[in-house]
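1. Below is the structure, and that's it, no one-letter string:
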């Protein structure tokens, strides 16, 4: 399973939203936050996410309406609903609308994280917590990278980049795709910053079977060199 998730949180309680955002980012997951369904719809027109965490009780258009509209247009993005409603009928209702899971408030951030990971495992059809690329082994749940059996220390940003390339082995990964997958709206990375981060990742991968090549004018291509 690839661990890093690009998450959109739709929550109108700023204290709760900031707490969730801080926890997810500390765990290495780029998370963006909007406080209304209308803002979420605007963002979803140009940005894709691995996961939506959606509060039901929102000002203006509620979460039910946003979820129903997403599913009606065929948007398959996994959605975990946050709700203060604990009655069985309420939970059945959001699942029938197309939610993939729900969590009743109040909740522990660790459970929210675990449920999000489980949804992505299900959505990607992956159960293994270990990815092998020749002599490189990546253990995403532990943020561990081993090369020839020896653990190599990676920074959080390097782990995120590594996952970005592992998702698209043997395919061109553009800088724009890296922006979308690795950085949040609050960050404004320059092309030079991306190049520097990729250069640091390449250095850490020295001696491994995973090779990242620059495709001039297009981006990068990662492949396993046996």
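-> That came through fine. Everything numeric in this text was worked out from a predicted model, so none of it was measured.

2. Give me the three-state assignment for residue 200.
-> Using DSSP: H, G, I helix; E, B strand; the rest coil, the structure places residue 200 in helix.

3. Please apply the same query to residue 49.
-> What three-state DSSP gives for residue 49 is coil.

4. Please identify which helix or strand holds the residue nearest to it when sequence neighbours are not counted.
-> Nearest non-adjacent residue to residue 49, counting by Cβ to Cβ, 6 or more residues apart in numbering: residue 8, 4.5 Å away. Quick note: C-beta positions are derived from backbone N, CA and C, even for glycine. Element membership of residue 8, judged by DSSP states H and E, is strand 7-10.

5. pLDDT averaged over that strand, what's the number?
-> Regarding strand 7-10, the rounded mean pLDDT is 94.

6. contact partners of whatever helix or strand comes next after that strand?
-> As assigned by DSSP H and E, the chain's next helix or strand after strand 7-10 is helix 14-26. Residues outside helix 14-26 that contact it (Cβ atoms under 8 Å, 6 or more residues apart in numbering): 5, 7, 9, 11, 31, 33, 35, 53, 109, 112-113, 184.

7. ok, these vs residue 60, which is closest?
-> The closest of the contacts of helix 14-26 to residue 60 turns out to be residue 35 (Cβ to Cβ; 10.0 Å).

8. I'd like to know how many residues surround the closest residue in space to the closest one that isn't next to it in sequence.
-> In this structure, residue 35 finds its nearest non-sequential neighbour in residue 12, 4.6 Å apart by Cβ to Cβ, 6+ apart. For residue 12, the count of nearby residues is 16 (other Cβ atoms under 10 Å).

9. which residues does the residue nearest to residue 49 contact?
-> Residues in contact with residue 8 (Cβ under 8 Å, 6+ apart) are 31-34, 40, 43-44, 47, 49, 51-53.

10. measure it to residue 149 for me?
-> The gap separating residue 8 from residue 149 is 38 Å, by Cβ to Cβ, to the nearest Å.

11. ok, residues contacting the one helix or strand residue 176 maps to?
-> Residue 176 is part of helix 175-182, with elements assigned from DSSP H and E. If you take Cβ under 8 Å, 6+ apart as the criterion, helix 175-182 is touched by 4, 6, 30, 47-48, 157, 160-161, 164, 167-168, 189, 191, 194, 219.

12. For PyMOL, what selects the buried ones among those residues?
-> Here is the PyMOL selection string for the buried members of those, based on 16 or more other Cβ atoms under 10 Å:
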select buried, resi 4+6+30+157+160+161+164+168+194+219
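
13. before we move on, the earlier item: report the beta-bridge partner residues of the residue nearest to residue 49.
-> Note on residue 8: beta-bridge partners by DSSP bridges are residue 32, residue 52.

14. How is residue 66 assigned, secondary-structure-wise?
-> Three-state assignment for residue 66 (three-state DSSP): helix.
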